[in-house]
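S.K.: Using only what follows, build the 3D model:
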Amino acid sequence: MEFLNGSGVAMITPFKEDGEVDFEAVADVFEHIVKGGIDYVVVMGTTAETATLSDQERDQVVETIIKINKNRIPLVLGIGGNNTAAVVSSIKNTSLSAFEAVLSVCPYYTRPSQEGIYQHFKHIAEASPKPIILYNVPPRTGVFISNETTVRLAKDFPNIIGTKDATGDLESVISLIDKAPKDFHVISGDDALALAVVMSGGSGVISVIGGALPYQVSQMIRLALNGEVVAAKVYQSQMMNLIQLIFKEGNPPGVKKLSEQLGLCSCKVRLPLIQVSDKLSQLIFEAHKTMV
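M.R.: Prediction:
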């Protein structure tokens, strides 16, 4: 899975003003990402507002992306939840031929113990014909996949190949990089920490802002992986203000507003999310204007 040594994007799902999926904009956003040099795309992650999509809409979005990709870059599919049996069933009943790996979030809301988390991913690993990337995002799930549990899973199941770490705890990420098997991918799930994670030995990033600014993100990660830290920091400094702003009122409303300002799609989101405030919209506009 060499492609994981690079930049990935958690792709948004564009909507029309009436709330319907905008499949033309799906294609536009995907092409923008590919042309910007991103190494792979995560489909149906949290940023895609997957929880608000019907099964039919999810299938249609996935089919659209597979069709327009034409095997140009690797795709990763998000399949996760807090019902282990349902996740296993979904993996078994989903055609994964177009995907290189599955990204599976830590069970949310139910707050399982570390042993429960281990058993959850054990069943997923045993059921999946594709490699698994864990997704550790305690601000959203309410529970933390400990480094000890992650390392245990990595050692026990060869097809658990990495983790997307969105804990926001750089010290913990560095500790995980030191403890994990050498071929295990520790991927930043925080745009603000992406460069620091790569400089500490991480594989790269699964980015949100990269959906709008793919060139800057891909260049930053590529340079960092090549040891060109000073040049990478130039891109980081260009984006840092925007990174902070797009998450200020939740994700993905912020990156959707930036995408709208770039002419890629509408900033429409589905409830319970709402569009960013006029004040934040102006701040995002002004911050991006200073970059160009």
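S.K.: what sits against the residue nearest to residue 254 when sequence neighbours are not counted?
M.R.: Spatial nearest neighbour of residue 254, chain neighbours left out: residue 246 (3.1 Å); criterion: Cβ to Cβ, 6 or more residues apart in numbering. From N, CA and C alone the C-beta is placed, and that goes for glycine too. Taking Cβ atoms under 8 Å, 6 or more residues apart in numbering, we find residue 246 in contact with 208-209, 212, 254-255, 257-258, 284.
S.K.: count of residues packed around the residue nearest to residue 215 when sequence neighbours are not counted?
M.R.: The shortest distance from residue 215 to any non-neighbouring residue, by Cβ to Cβ, 6+ apart, is to residue 36 (4.3 Å). A count of nearby residues for residue 36, using other Cβ atoms under 10 Å, gives 19.
S.K.: Residue 36 reaches residue 220, doesn't it?
M.R.: No: using Cβ atoms under 8 Å, residue 36 makes no contact with residue 220, being 11.7 Å away.
S.K.: Which elements pack onto the helix or strand of the chain with the lowest mean pLDDT?
M.R.: Least confident helix or strand of the chain, by mean pLDDT, DSSP states H and E, is helix 138-141 with a mean of 94. Here helix 138-141 touches no other helix or strand, going by 3 or more Cβ pairs under 8 Å, 6 or more residues apart in numbering; DSSP states H and E.
S.K.: And it, what's buried?
M.R.: Across helix 138-141, burial judged by 16 or more other Cβ atoms under 10 Å covers residue 141.
S.K.: quick one: it to chain centroid distance?
M.R.: From the chain centre to the centre of helix 138-141 is a distance of 14 Å (Cα atoms, centre = their mean, to the nearest Å).
S.K.: host element of the residue nearest to residue 121 when sequence neighbours are not counted?
M.R.: Spatial nearest neighbour of residue 121, chain neighbours left out: residue 153 (5.4 Å); criterion: Cβ to Cβ, 6+ apart. Assigned by DSSP states H and E, residue 153 belongs to helix 147-156.
S.K.: ok, whatever helix or strand comes next after that helix: who's next to it in the sheet?
M.R.: Counting by DSSP H and E, the next helix or strand C-terminal to helix 147-156 is strand 160-165. Its sheet considered, strand 160-165 pairs with strand 132-136 (parallel), strand 185-188 (parallel) by DSSP bridges.
S.K.: thinking again about what came up before, tell me the pLDDT at the residue nearest to residue 121?
M.R.: For residue 153, the model assigns a pLDDT of 98.
S.K.: Now do the contacts for the residue nearest to residue 152 when sequence neighbours are not counted.
M.R.: The shortest distance from residue 152 to any non-neighbouring residue, by Cβ to Cβ, 6+ apart, is to residue 118 (6.3 Å). Residues counted as contacts of residue 118 (Cβ under 8 Å, 6+ apart) are 149, 152-153.
S.K.: Now do the contacts for the residue nearest to residue 215.
M.R.: 210, 213-215, 217-218.
S.K.: now do residue 159
M.R.: Contacts of residue 159 by Cβ under 8 Å, 6+ apart are 125, 128, 130-132.
S.K.: Relative to residue 81, how far out is the closest residue to residue 108 other than its chain neighbours?
M.R.: The spatial neighbour of residue 108 that comes closest, neighbours along the chain excluded (Cβ to Cβ, 6+ apart), is residue 141 at 3.8 Å. Residue 141 sits 11 Å away from residue 81, going by Cβ to Cβ, to the nearest Å.
S.K.: what's the answer for residue 63, then?
M.R.: 21 Å.
S.K.: what does residue 228 give?
M.R.: In terms of Cβ to Cβ, residue 228 sits 40 Å off from residue 81.
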